[in-house]
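Student: give me coordinates for this.
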Amino acid sequence: MSLPLGTLLKPVFPLSAESFPKMAAERFGAQEDMDKTWLTFEPVARTLVDSFYLTLDHPKERDLVPRLDDTPPELRGIAYEGAGMGLMLLDSLFPYRKRLPAFLHGPGAPYRCLVYIGAGLVLPRVPLAPRRFLLRQDPFLRWLVIDGYGFYEGFFSWREVVERHTVPRGIDGYAARAFDQGVGRSLWFSTGANVERITETVQAFPPQRHGDLWSGIGLACAYAAGVMDRTAIVTLLRKAGRHRADIAAGSAVASVFREQSGLPAPHTDLACDVVWGMDASAVAALAHEAGLGLGGPGVGPADGPGVPEYERWRRRIRAAWLDSPAAGSSGSSGPSSSSGSSGPSGPEAKGAGA
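Tutor: Next comes the predicted model:
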C-alpha cells in the first residue's frame, strides 16, 4: 500500500505548527506575552498546516472540499489558504493537472484571495520563476501571490529578509511592494502581535518600505486571530504615525476577505471600528465602492501606466480614510502619508475572494 503524498513530502516540505512559536521565540527571546499570544495563534497555524497536508493527500475536489468545509467558520478561510498551498505544490510537481486554476474558479472562488496567498506561501519552495507564474494569474489578484511569498520569506527567512532587509532576486517593481505587504503580515505573528516589537522591527527597515509593511500589519490585525483589545489597536494605529492610512487600507482588505467568504469575525469588526469608526461590513462596502471604474488607465499624477489596478484600489481606500472623520480622531503624529500602497479594482467586480 502506497503512502499518502503528504506523508512522502513532509521531509521535503517540513511544516509544523509547533515550530512557529519556537521560531518566534528564537528572535526575541523568551517573552511571557508571546507565549500567551501564541496560544491564540496556534489554531490558525495548525489549520494552515493541516489543510496543506490534507490537500496533498486528498487533492480531488469531491474529497477535499467537504473536509475543508468541516473547519470551524472562524478558521475556514485559513483552511482554504492551506489548500492553495497544497494545490500550488501539486501543480508544480505535476503541471499537466492544473488543479489550482480549477479550484480558484470552482469551490475556492469565495476564498480566492486567500487561495492566492496560500499559493504564494509555497512559491519560494518550488521550481517556478515568480514573474512567469504571476503572468498566468488574474491581473488584479496576482499581487496576493507575492503577498504570500513575502509572508513566507518574512517568517522563515527572518535573518535575511527582516534583519538584513533583503528582497529575493526577481522580485522588483510593484511585486517588491506586494512582497513587503506580506512581510508586514508575517511580523504580526513573528512579534507575537506586540506593538512595541512591531514598531521597532518596522522602523529598522528603510523608510520607503514602511507604508507597505504597516499595510500588511493592518491586514493581519483585522483578519488573523484576534489578540489585541481596543486599547492595543489604538496604540498600534498611533505608532504607525504617518502610515496610519496604510493600516486603514490593510484592515479594509481584511474586511473584504471576510465579507466575500461570508464568515464575519468579532475581531475584524473591532479592528475596523477602531480604525474606521464602522463595522467590517461597512468598511467592505466602502472598499467595493473604491474599486468602481478602475478598468481604464490611471488618472492623476500618481497613477501612471505602470501602476496596477490593485494598487490604485488601495490608494482610493487610503484616500477615503484620509477624508473620513476617523482620520482626525485616531490620533496623529503629523499628516498621514504612504509609500504609495493602495489596492484592488472593486474586488466585487473582479471576483476577489476571501
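
Student: for the longest helix seen in the chain, packing partners?
Tutor: Scanning the chain for the helix with the most residues, using DSSP state H, yields helix 32-57. Using 3 or more C-beta pairs under 8 Å, 6 or more residues apart in numbering; DSSP states H and E, the elements in contact with helix 32-57 are helix 5-9, helix 19-28, helix 61-69, helix 73-93. No exception for glycine: its C-beta is placed from N, CA and C like everyone else's.

Student: buried stuff in it?
Tutor: 34, 37-38, 41, 43-57 (16 or more other C-beta atoms under 10 Å).

Student: with stretch 185-196 instead?
Tutor: Arg185, Ser186, Leu187, Trp188, Phe189, Ser190, Thr191, Gly192, Ala193, Asn194, Val195.

Student: got phi/psi on the last one?
Tutor: Torsion angles at Val195 (phi, psi; degrees, to the nearest 10) stand at phi -60, psi -40.

Student: surely it meets Leu236?
Tutor: Yes. The criterion here is C-beta atoms under 8 Å, and Val195 meets it with Leu236 at 5.1 Å.

Student: out of the helices and strands packed on helix 32-57, deepest packed?
Tutor: Scoring these by mean neighbour count under mean count of other C-beta atoms under 10 Å gives helix 73-93 as the most buried, with a mean of 25.

Student: show me what the helix or strand following it is in contact with.
Tutor: Downstream of helix 73-93, the next assigned helix or strand under DSSP states H and E is helix 99-104. Helix 99-104 has contacts (C-beta atoms under 8 Å, 6 or more residues apart in numbering) with 59, 61, 83-84, 87-88, 90-91, 112, 115-116, 119, 353.

Student: can you redo those residues as JSON lines with pLDDT?
Tutor: Converted to JSON lines, those look like this (pLDDT from 0 to 100):
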{"residue": "Pro59", "pLDDT": "93"}
{"residue": "Glu61", "pLDDT": "96"}
{"residue": "Ala83", "pLDDT": "97"}
{"residue": "Gly84", "pLDDT": "97"}
{"residue": "Leu87", "pLDDT": "95"}
{"residue": "Met88", "pLDDT": "94"}
{"residue": "Leu90", "pLDDT": "92"}
{"residue": "Asp91", "pLDDT": "91"}
{"residue": "Arg112", "pLDDT": "95"}
{"residue": "Val115", "pLDDT": "97"}
{"residue": "Tyr116", "pLDDT": "97"}
{"residue": "Ala119", "pLDDT": "96"}
{"residue": "Gly353", "pLDDT": "33"}
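
Student: and those, which is closest to Ala326?
Tutor: Ala326 lies nearest to Gly353 out of the contacts of helix 99-104, by C-beta to C-beta, at 26.7 Å.

Student: which intervals of the stretch 101-250 of the chain have sub-threshold pLDDT?
Tutor: Low-confidence segments of the stretch 101-250 of the chain (pLDDT under 70): 225-226.

Student: brain fart, the stretch 251-354 of the chain
Tutor: If you take pLDDT under 70 as the line, the stretch 251-354 of the chain has these spans: 295-305, 330-354.

Student: what sits closest to Leu123 if chain neighbours are left out?
Tutor: Tyr149 (4.8 Å; C-beta to C-beta, 6 or more residues apart in numbering).

Student: just say helix, strand or coil for that neighbour.
Tutor: helix (DSSP: H, G, I helix; E, B strand; the rest coil).

Student: that one: neighbouring residues, count only.
Tutor: Applying other C-beta atoms under 10 Å, we find 27 residues neighbouring Tyr149.

Student: residues near Tyr223, how many?
Tutor: Tyr223, neighbours per other C-beta under 10 Å, totals 28.

Student: just list the residues touching it, thanks.
Tutor: By C-beta under 8 Å, 6+ apart, the contact list for Tyr223 reads Ala254, Phe257, Arg258, Ala265, Thr268.

Student: the third one - how many residues pack around it?
Tutor: By the criterion of other C-beta under 10 Å, Arg258 has 22 neighbours.

Student: show me the contacts for it.
Tutor: For Arg258, counting by C-beta under 8 Å, 6+ apart, the contacting residues are Gly77, Tyr223, Pro264, Ala265, Thr268, Ala280, Ala284, Ala354.

Student: tell me which element it falls in.
Tutor: Short version, using DSSP H and E: Arg258 is in helix 244-261.

Student: quick check: Asp33 touching Asn194?
Tutor: Yes. At 6.1 Å, Asp33 counts as touching Asn194 under the criterion of C-beta under 8 Å.

Student: for the contacts of Tyr223, give me a markdown table that also has distance to Ala319.
Tutor: A markdown table is the format used below for the contacts of Tyr223 (distance: C-beta to C-beta, whole Å):
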| residue | distance to Ala319 |
| --- | --- |
| Ala254 | 18 |
| Phe257 | 21 |
| Arg258 | 22 |
| Ala265 | 26 |
| Thr268 | 22 |
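
Student: pick out whichever of the residues you listed sits closest to Leu134.
Tutor: The closest of the contacts of Tyr223, once distances to Leu134 are taken by C-beta to C-beta, is Phe257, at 20.3 Å.

Student: hmm, the closest one is touching Tyr116, no?
Tutor: No. Contact criterion C-beta under 8 Å: Phe257 and Tyr116 do not qualify, at 11.1 Å.

Student: now the longest helix of the chain, how far from the centre of its chain.
Tutor: 16 Å (C-alpha atoms, centre = their mean, to the nearest Å).
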